[in-house]
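In: kindly generate the corresponding structure for this input.
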Amino acid sequence: MSSCKSHVYVSAFLLCMLIPISQQVLNEHNQKLEWIVGKWRSEFSGKIFWPTVPTMTFGEELVINEAPIAKSANVQFLNFSARAWSHSTKDHFHDEWGFLTVDPVGNATLMTTGNNGFTTYETGTVSPNKLVLTLKDIGRISFSRDLPVEDLRRTFIRHDDRYMEQVIEMRTATHPKVGYLEHTRVVYTKLK
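Out: All right, here's what the predicted structure looks like:
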């Protein structure tokens, strides 16, 4: 009898793993982000701009999908991962991992950590096909060689069912004195 029960659990688990994320149920708050869920990729449309570095082209894969609910918090998060590479050399640029959610009032939160020494906490607003996040806090390893980031704004815009754009604007200790400068812009194609 216990063997049958374990088969039922395994079968249910495997079935859940096979259901496309678009068919899995997001809670009422995270349904506002349904348009961003999936696997997005750009082979070469990413551009890096910054006064102290040469303009470069990069590729990036962005995956946003449902994360298991931690019973201790009882909050549904979406997993967030991004991997970027040089378009010309295929050298790895950085990885970013984190969690994204929307609270009952409609405010979005993205928490990330990257292999570039940064951890960010960003909050913002969700509207149909658009998510705008601003930096609330940042952590960094003490021996990072990058200029300290003082502010950041990240915007996702879904143009249609196949294309989405991400723009990151920021301010460091030296550029600009006020406001933001565009740092990266990438247009993704949806894979799943």
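
In: check which helices and strands the host helix or strand of residue 108 sits against.
Out: In the assignment (DSSP states H and E), residue 108 maps to strand 107-114. For strand 107-114, the elements it packs on are strand 92-102, strand 118-127, strand 130-140, judged by 3 or more C-beta pairs under 8 Å, 6 or more residues apart in numbering; DSSP states H and E. Quick note: C-beta positions are derived from backbone N, CA and C, even for glycine.

In: how far off centre is it?
Out: Centre-to-centre, strand 107-114 and its host chain are 8 Å apart (C-alpha atoms, centre = their mean, to the nearest Å).

In: what lines up beside it in the sheet?
Out: Applying DSSP bridges, strand 107-114 is found paired with strand 92-102 (antiparallel), strand 118-127 (antiparallel).

In: got TSV for those strands, with mean neighbour count too?
Out: As requested, those are exported to TSV (neighbours: other C-beta atoms under 10 Å):
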stretch	mean neighbour count
strand 92-102	18
strand 118-127	17
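
In: among those, which is nearest residue 42?
Out: With C-beta to C-beta as the criterion, residue 42 lies closest to strand 92-102 of the strands paired with strand 107-114, at 12.7 Å.

In: identify the residues contacting the closest one?
Out: 29-30, 32-33, 58, 64, 67, 75-86, 108-116, 120, 126 (C-beta atoms under 8 Å, 6 or more residues apart in numbering).

In: okay, now the sheet partners of the strand or helix carrying residue 47, with direction.
Out: Assigned by DSSP H and E, residue 47 belongs to strand 38-50. Within its sheet, strand 38-50 is paired with strand 53-66 (antiparallel), strand 181-190 (antiparallel), according to DSSP bridges.

In: residue 175: what's it in contact with?
Out: 50, 51, 52, 147, 181.

In: tell me the SS of the closest residue to the last one other than its chain neighbours?
Out: Pointing back at residue 181 there. Excluding the flanking residues, the one nearest residue 181 by C-beta to C-beta, 6 or more residues apart in numbering is residue 175, at 5.9 Å. On the three-state scheme (DSSP: H, G, I helix; E, B strand; the rest coil), residue 175 is labelled coil.

In: what of residue 31?
Out: Of the three states, residue 31 takes helix under three-state DSSP.
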